[in-house]
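In: Mind looking at a prediction? Sequence and model below.
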Amino acid sequence: MAWRDRLQQGSFRGVPFHTESNTYTGGRRQVVHEFPGKEQGFIEDNGRRDGSHAMQLYVIGNDYDLARDSLQQALESKVGAGTLIHPRKGSLLVVVSEFSITETTAEQGMARFEVTFLEAQQQPQPTANVDTQASVASAADAALEASKASFVADFTVDGLPEFVADSSKLSLGNLVSKLRNVNGRLSAAQQPISEFFSDIDALGDELGALIRQPADLANRIVGGIGALSGVLNDVNAAIAVYENLSKIIDPPSPAFNTPSRLQEQKNLQAINKLQAQAAAVESARATSVLSYDSYQQATQVRNSAAALLDTQMLSADDEAYVAMRELRSKAVKDIASRGGDLARIDKHTPIITGPALVLAYQLHGDYQREDDIIARNGIDHPGFIQGGQSLEVLIDV
């Protein structure tokens with residue numbers, strides 16, 4: 001098919017015309033930056049310039065005047081972009097910048113148009129992106145509220161012998177001790193760590209009063225467990241601590257089924273359940289705020305947090321079950337959204353012995369990535385990575 005066979009009948013908004021000539025203007029949108037006292041500036045490229053078509057058109061024939069009026073109406077009477085059938089370029093979406101009409105006595109039965117069409121791009125439309133991290137935080141808050149409500153419904157020491165309160169204080173004291181014993185995993189700034197331990201110490205000191213205020217007690221327990229994520233050094237440390245807190249030992253069955261003994265056991269079960277559920281919920285929240293260095297790490301953390309929630313849902317009441325199930329779904333979606341583009345862990349075996357800096361540049365084109373290679377593989381002498389040694393490295397997707 002020759003070029004003549006590809007020519008099309010020109011038209012605008014369905015009104016036909018003949019084409020005499022066309023001049024296309026295009027280019028790039030650029031900003032020239034120049035500086036006083038400098039021999040050379042630089043040019044900033046801001047993308048493609050929208051093309052324009054300066055066309056000379058005409059209509060001719062016994063009814064040229066009707067064709068002229070129809071084309072004029074199409075050119076000026078409608079707002080927005082219209083379809084231009086360009087004889088050589090085909091269908092284009094354009095707007096009319098300006099046009100003129102010329103009629104002469106020497107060319108009876110003919111009207112000439114000079115029209116400038118500007119290529120019209122689709123106007124960018126707003127897009128809605130789900131804030132998956134915020135949705136996890138919201139679902140975690142809802143799950144904690146359901147867990148606290150369940151605790152308040154089950155826990156009481158009012159009107160009961162003192163041994164019931166003492167038993168609960170002992171159980172809560174064990175929780176406070178667990179929270180105090182996270183020093184080895186802390187790496188936050190000194191002030192947040194100091195504030196965390198001050199709050200935990202205050203919780204331990206106030207157990208005697210809080211034991212008779214179940215709603216306040218639940219808030220303090222949940223708050224202490226939630227504060228851990230702000231002082232733990234990395235995502236692995238956070239998940240390990242929350243896994244430890246979620247491991248509870250059910251209280252033994254009472255030797256005597258008196259109302260006091262039964263309530264004592266119910267209180268201990270309520271404390272254990274709130275502790276474990278809060279730890280599972282906060283582990284899911286932590287997955288959405290902590291960062292990951294690889295896709296494998298993100299999926300491993302996701303699986304760990306999901307498993308903690310699965311375990312707690314088995315013993316949760318209806319409201320807490322529904323809330324934790326929703327949280328699990330939101331946490332999985334968040335990891336899938338943020339972790340999909342993370343680097344993958346792979347194996348690499350260098351052929352010859354050489355420094356980590358060179359290896360980092362060979363693998364990533366970035367010598368600063370040597371620190372990750374050294375830390376990931378426990379290399380003692382970064383200047384001499386043994387050839388033939390299998391290494392764990394991150395591969396960008």
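Out: Now that the structure is in, tell me what you want to look at.

In: Near Arg48, how many other residues are there?
Out: 12 (other CB atoms under 10 Å). Placement of C-beta: from N, CA and C, glycine included.

In: Show the contacting residues for the nearest residue to it once chain neighbours are set aside.
Out: Spatial nearest neighbour of Arg48, excluding adjacent residues (CB to CB, 6 or more residues apart in numbering): Arg28 at 6.2 Å. For Arg28, the contacting residues are Asp45, Asn46, Gly47, Arg48, Arg49, by CB atoms under 8 Å, 6 or more residues apart in numbering.

In: Now that we have these, can you turn them into JSON lines and tack on pLDDT and secondary structure?
Out: Output for the contacts of Arg28, formatted as JSON lines (pLDDT from 0 to 100; DSSP: H, G, I helix; E, B strand; the rest coil):
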{"residue": "Asp45", "pLDDT": "83", "secondary structure": "strand"}
{"residue": "Asn46", "pLDDT": "84", "secondary structure": "strand"}
{"residue": "Gly47", "pLDDT": "81", "secondary structure": "strand"}
{"residue": "Arg48", "pLDDT": "83", "secondary structure": "strand"}
{"residue": "Arg49", "pLDDT": "83", "secondary structure": "coil"}
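
In: can you redo those residues as a markdown table with distance to Ala139?
Out: Formatted as a markdown table, those follow (distance: CB to CB, whole Å):
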| residue | distance to Ala139 |
| --- | --- |
| Asp45 | 44 |
| Asn46 | 42 |
| Gly47 | 40 |
| Arg48 | 43 |
| Arg49 | 47 |
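
In: hang on, the earlier thing: okay, the residue nearest to Arg48: pLDDT?
Out: Note on Arg28: pLDDT of 87.

In: And the helices in the protein?
Out: In the chain, the segments counted as helices under DSSP state H are 64-76, 132-154, 162-180, 190-205, 207-210, 214-226, 235-246, 259-289, 295-313, 318-339, 356-364, 370-377.

In: from the contacts of Arg28, which is closest to Gly354?
Out: Asp45 (38.7 Å; CB to CB).

In: Do I have it right that the closest one meets Arg29?
Out: Yes. Asp45 is in contact with Arg29 according to CB atoms under 8 Å; the separation is 7.5 Å.

In: Now for Leu308, how many residues are close by?
Out: 26.

In: need the contact list for it.
Out: Listed by CB under 8 Å, 6+ apart, the contact set of Leu308 reads Tyr242, Glu243, Ser246, Ala279, Ala280, Ser283, Ala284.

In: how about the residue nearest to the spatial centre of the chain, what does it touch?
Out: Among the residues of the chain, Arg338 comes closest to the average C-alpha position under CA atoms, centre = their mean, at 4.8 Å. For Arg338, the contact set (CB under 8 Å, 6+ apart) comprises Thr132, Gln133, Tyr292, Ala298.

In: where does the chain have its least confident helix or strand?
Out: Counting by mean pLDDT, DSSP states H and E, the chain has its least confident helix or strand at strand 391-395, which shows a mean of 68.

In: circling back: can you name the two of the contacts of Leu308 that sit furthest apart?
Out: The span of these, defined through CB to CB, is set by Glu243 and Ala284 at 12.3 Å.

In: between these two, which one's more packed in?
Out: For Glu243 versus Ala284, neighbours defined as other CB under 10 Å are more numerous around Ala284 (29 against 16).

In: pretty sure Gln8 contacts Leu84?
Out: No. Using CB under 8 Å, Gln8 makes no contact with Leu84, being 10.8 Å away.

In: Same drill for these two, tell me which one is more crowded.
Out: Per other CB under 10 Å, whichever of Gln8 and Leu84 has more neighbours is Leu84, with 23 against 13.

In: The more buried one and Gly51, how far apart?
Out: Using CB to CB, to the nearest Å, we find Leu84 at a distance of 12 Å from Gly51.

In: same thing with Phe12?
Out: Where Gly51 is concerned, Phe12 sits at a distance of 16 Å (CB to CB).

In: Give me the more crowded residue out of those two.
Out: Phe12 (24 against 15).

In: If the more buried one is in a bridge, with which residues?
Out: Beta-bridge pairing for Phe12 (DSSP bridges): Val15, Leu84.

In: Tell me if I'm right that it and Ala81 touch.
Out: No. With contact defined as CB under 8 Å, Phe12 does not reach Ala81; the gap is 11.0 Å.

In: shared neighbours of the two, anything?
Out: Val94.

In: Any regions of this protein where pLDDT drops low?
Out: 1, 122-128, 183-194, 233-234, 341, 346, 363-364, 367, 392-397 (pLDDT under 70).

In: hang on, the earlier thing: out of the contacts of Leu308, the closest to Val222 would be?
Out: Distances from Val222 to the contacts of Leu308, taken by CB to CB, are shortest for Ala279, at 9.9 Å.

In: distance of the closest one from Leu309?
Out: Taking CB to CB, one finds Ala279 at 10 Å from Leu309.

In: How about the contacts made by the residue nearest to Val136 when sequence neighbours are not counted?
Out: Using CB to CB, 6+ apart and skipping residues adjacent in sequence, the residue nearest Val136 is Ser288, 3.8 Å away. By CB under 8 Å, 6+ apart, the contact list for Ser288 reads Thr132, Gln133, Val136, Ala137, Ala331, Asp334.

In: Next, format the residues you listed as JSON lines and append distance to Ile351.
Out: Formatted as JSON lines, the contacts of Ser288 follow (distance: CB to CB, whole Å):
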{"residue": "Thr132", "distance to Ile351": "42"}
{"residue": "Gln133", "distance to Ile351": "42"}
{"residue": "Val136", "distance to Ile351": "44"}
{"residue": "Ala137", "distance to Ile351": "48"}
{"residue": "Ala331", "distance to Ile351": "42"}
{"residue": "Asp334", "distance to Ile351": "40"}
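
In: For these, which single residue is the most surrounded?
Out: When neighbours are taken as other CB under 10 Å, the top entry among those is Ala331 (28 neighbours).

In: Quick check: buried residues in stretch 316-335?
Out: 316, 320-321, 323-328, 330-335 (16 or more other CB atoms under 10 Å).

In: Out of those residues, which comes closest to Thr104?
Out: Closest to Thr104, out of all of those and judged by CB to CB, is Lys333, at 69.7 Å.
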